[in-house]
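> I'd like to go over a predicted model; first the sequence, then the structure.
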Amino acid sequence: MEKFAGLILESKDMFVEEAKHKFEEYKRKEHLIRVSLSSLQRLQERTPNCEWLQNCISQARKDLFFTEQKKADFLYYNSQSKWINVGDKVTKEFFQCTKQKYTKSHIRALKDINGQLCMDAKEIRNIATTYYANLL
């Protein structure tokens, strides 16, 4: 029985380490995409009519959006599994788990009327303005 309990603890530690590694991988990939996107945008300022460059920027934005989504999903499922472990017990960990961290969240993308995904801040602002103007 003790051997079985030891194996369970070892596997838990292994899964925790794997989860940390996966999260670090998401963060690293997101950082690399952001750096390349900013480089592409600076290059686009010099050559504004380059279609190939616009396609690269569009692809980088899609990759960034996808990576952010995967990271958010990972954090969500990680928090759910942590809640399963500490949620039923009214302990210090319970209250730490339930604390909310207030952060500014930004709208990263919106779909326009045609269903096209827009990630530029000006386009997002125009879509939101048009939507609410049509409501009134």
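Looks like it came in fine. Residues are numbered from 1 along each chain as shown.
> pretty sure residue 128 is in contact with residue 110, am I right?
Yes: Residue 128 lies in contact with residue 110 (CB atoms under 8 Å); the separation is 6.9 Å. Bear in mind the C-beta positions are built from the backbone N, C-alpha and C, glycine included.
> the more surrounded of these two?
Neighbour count, other CB atoms under 10 Å: between residue 128 and residue 110, residue 110 has more, with 16 against 12.
> Next up, the contacts around the more buried one.
Residue 110 makes contact with 117, 118, 123, 124, 127, 128, according to CB atoms under 8 Å, 6 or more residues apart in numbering.
> Weed out the non-buried ones from these.
Buried members of the contacts of residue 110, scored by 16 or more other CB atoms under 10 Å, are 118, 124, 127.
> The second one: which element?
In this case it means residue 124. helix 121-135 (DSSP states H and E).
> helices or strands up against that helix?
Where contact means 3 or more CB pairs under 8 Å, 6 or more residues apart in numbering; DSSP states H and E, helix 121-135 is packed against strand 110-111.
> Does anything pack onto the following helix or strand past the strand it packs on? Which helices or strands?
Scanning forward in sequence from strand 110-111 by DSSP H and E, the next helix or strand is strand 117-118. In this structure, strand 117-118 makes packing contacts with strand 110-111, judged by 3+ CB pairs under 8 Å, 6+ apart.
> Below-threshold pLDDT in the chain: ranges please.
1, 3-13, 79-105 (pLDDT under 70).
> how does this structure divide up, domain by domain?
Annotated domains of the chain cover 2-103, 107-136 [automatic domain parsing].
> one step back: export the buried ones among the contacts of residue 110 as JSON lines, with columns for distance to residue 50.
Listed next are the buried ones among the contacts of residue 110 as JSON lines, based on distance: CB to CB, whole Å:
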{"residue": "118", "distance to residue 50": "20"}
{"residue": "124", "distance to residue 50": "23"}
{"residue": "127", "distance to residue 50": "25"}
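> Specify the helix with the largest residue count in the protein.
helix 2-46 (DSSP state H).
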